[in-house]
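Participant: Any chance you can model this:
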Amino acid sequence: MSALTSDFNNQTVLIYDLKGNHLISTSIIEYDKGVKQIIVETLPETLKFNDSCKLIILSSPTPCEFSGRIKRAGNELCIALFQGQERENREAARYPVNTPALIPILVIDGEHHPVQTPIKIVLRNISATGVRFRAPYYSFDIGDELQMDLFIGNSQKKITARVVNIVDKEPVFSDYGCRFLFIQ
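Facilitator: Okay, the predicted model is just below:
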C-alpha cells in the first residue's frame, strides 16, 4: 500500500529545506488524499508559493518521507506531496534534529521493562526508517530494543526501535543508530 493513501490528519510533520536544514516541526491539520496535499498548522516563513521542501511525517507504524512543493488551496497555502525524488545514496535521507528525548523502557525478549530513571538522550538526525541519538557511552549494544519518548513540535511520540549501529564512541558519549520498529 502506498504511503500516500495513509491518513496523515493530526500527525506531526518535520519540514526541511532542500539542503536538509530543519525549518519547523508542526501538525497536519488536513490531508487530501485525492490531490495528495497537506495543510499544516504552521508553515515556515522561509517557504513561499512554489518553493520545494522535504518532509518526514511521523505516522504509525513507521514514518514516511516525501518531497513537497508549496501550493495554494483556496486562500490557504498547502504542501503537495511527492515520492521517489532524488535523495542520498542510502535507504532514506537523514535530516538533522537537535531535540532532547527520553528512553523510559527497554524491550527484552518482547517484554517491556521500565528503567528506574529514564535515560536522557539527544536526537542527532532522523529519517523515514530510523533515528540517530547521542547517549552516555556504552548504554546500548547492537540488537537492543528500546522505547523512546520524542517531543517534537507540540506532540509526543512513543517509538520502539532497534539499535543497528554505534558510532562516534567517545569517553563520555556515543551515537547510536536505530531502525524504527513501531510508532504510537
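Participant: who does the lengthiest strand in the chain touch, helix- and strand-wise?
Facilitator: Of all the elements of type strand in the chain, the one with the most residues (DSSP state E) is strand 111-126. Packed against strand 111-126 by the contact rule (3 or more C-beta pairs under 8 Å, 6 or more residues apart in numbering; DSSP states H and E) you find strand 95-108, strand 130-136, strand 145-152. Yep, even glycine has a C-beta here, placed from its N, CA and C like the rest.
Participant: Now find how far off-centre it is within its chain.
Facilitator: 16 Å (C-alpha atoms, centre = their mean, to the nearest Å).
Participant: Could you list the paired strands of it along with their orientation?
Facilitator: strand 95-108 (antiparallel), strand 130-136 (antiparallel) (DSSP bridges).
Participant: Just send the helices and strands packed on strand 111-126 back as JSON lines, with distance to V13 and mean neighbour count too.
Facilitator: Converted to JSON lines, these look like this (distance: least, C-beta to C-beta, whole Å; neighbours: other C-beta atoms under 10 Å):
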{"stretch": "strand 95-108", "distance to V13": "12", "mean neighbour count": "17"}
{"stretch": "strand 130-136", "distance to V13": "16", "mean neighbour count": "21"}
{"stretch": "strand 145-152", "distance to V13": "9", "mean neighbour count": "20"}
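Participant: Export these as TSV, with columns for distance to I38 and mean pLDDT.
Facilitator: Formatted as TSV, the helices and strands packed on strand 111-126 follow (distance: least, C-beta to C-beta, whole Å; pLDDT from 0 to 100):
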stretch	distance to I38	mean pLDDT
strand 95-108	17	88
strand 130-136	22	89
strand 145-152	16	88
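Participant: Do a quick rundown of the strands in the protein.
Facilitator: Going by DSSP E, the chain shows strands at 12-16, 22-32, 37-40, 52-57, 64-73, 76-82, 95-108, 111-126, 130-136, 145-152, 155-167, 173-183.
Participant: Contacts for the third one, please.
Facilitator: Just to be clear, that refers to strand 37-40. Applying C-beta atoms under 8 Å, 6 or more residues apart in numbering, the external contacts of strand 37-40 come out as 8, 13, 15, 26-32, 71, 73, 76, 78-81.
Participant: Only whichever of these are buried, select them in ChimeraX.
Facilitator: In ChimeraX, a selection of the buried entries from the contacts of strand 37-40 looks like this (16 or more other C-beta atoms under 10 Å):
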select :8,13,15,26,27,28,31,78,79,80,81
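Participant: how's this protein carved up into domains?
Facilitator: With domains defined by automatic domain parsing, the chain comprises 3-82, 95-183.
Participant: Show me the shaky parts of the chain.
Facilitator: Counting by pLDDT under 70, the ranges of the chain that qualify are 1-5, 83-92, 138, 153, 168-170.
Participant: try 80
Facilitator: Across the chain, the ranges flagged by pLDDT under 80 are 1-6, 60-62, 72-76, 83-93, 109-110, 137-139, 152-155, 167-171, 184.
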